[in-house]
Each structure stands twice: as C-alpha cells, then as structure tokens.
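Q: model this:
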Amino acid sequence: PNQVAMVESPYYWNEKTQNCLMSSPKHDPFWVDLFAMLMKNAEKEEVLEATGPILLDQAMEYSVHPSYILPCENFQRVPLGEYDQTLWTTIYDRE
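A: Below you'll find the predicted structure:
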C-alpha cells in the first residue's frame, strides 16, 4: 500500500509493532503525528515508550493518517522458544 508501514512485533504481549523495519511514501503526514507523540513522550523514562515500539503504536492509534502493519512472519523472525517452544503456537496465538 501507498502508506506508512511498520513490521508487526512477535512480542505481541508487549507491543504491536517494532521499529526494525519501516517504510513510507515521501512526505507522508503520518510522520508529523509521530513527531508530535515523540515530543509528548519526551519526559518518559521507559525507552520503549519514549522512542521505541510503543511510541510507534501510540502514533498509529493517534494519527488520522492511514498506516499499515506488515505481518511479522514475512518480515521478522518469529522468536522460536520464547513462547511455548514452538513456531506454530507463536503464530496461532496471535490470531
């Protein structure tokens, strides 16, 4: 799609997206909203909220501009062994 995209996080119990892969059309207005959230979170001590994946999640919820989440199994390694020891459980339980 011709809109901002972030990769889905395999750590769904902590965040929805990750900042390891992002794509965007040139001059997409979503980034203005993200920087507004960045300024709002400037005093937060938790790095995931201040500048990391949780900031991205908040910006995607706050912004009126469309954004897209790329499926993690296509763009991110699924953390094998970190959730009930199987790839299937990790993917299945996200649904």
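Q: without its sequence neighbours, what residue ends up closest to the residue positioned nearest the centre of the chain?
A: Centroid-nearest residue in the chain: T17, 1.7 Å away (criterion: Cα atoms, centre = their mean). Computed as Cβ to Cβ, 6 or more residues apart in numbering, the closest residue to T17 that is not its neighbour in sequence is M6, at 4.0 Å. Backbone N, C-alpha and C define where each C-beta goes, glycine included.
Q: again with F75
A: Leaving aside its chain neighbours, F75 sits nearest to V7 (4.4 Å; criterion: Cβ to Cβ, 6+ apart).
Q: helix or strand right after the helix or strand where that neighbour lies?
A: Assessed by DSSP states H and E, V7 sits inside strand 4-8. Later in the chain than strand 4-8, the nearest helix or strand by DSSP H and E is strand 17-23.
Q: pull the residues that contact that following strand.
A: 4-9, 11, 52-53, 56-57, 60, 69-70, 72, 75-76 (Cβ atoms under 8 Å, 6 or more residues apart in numbering).
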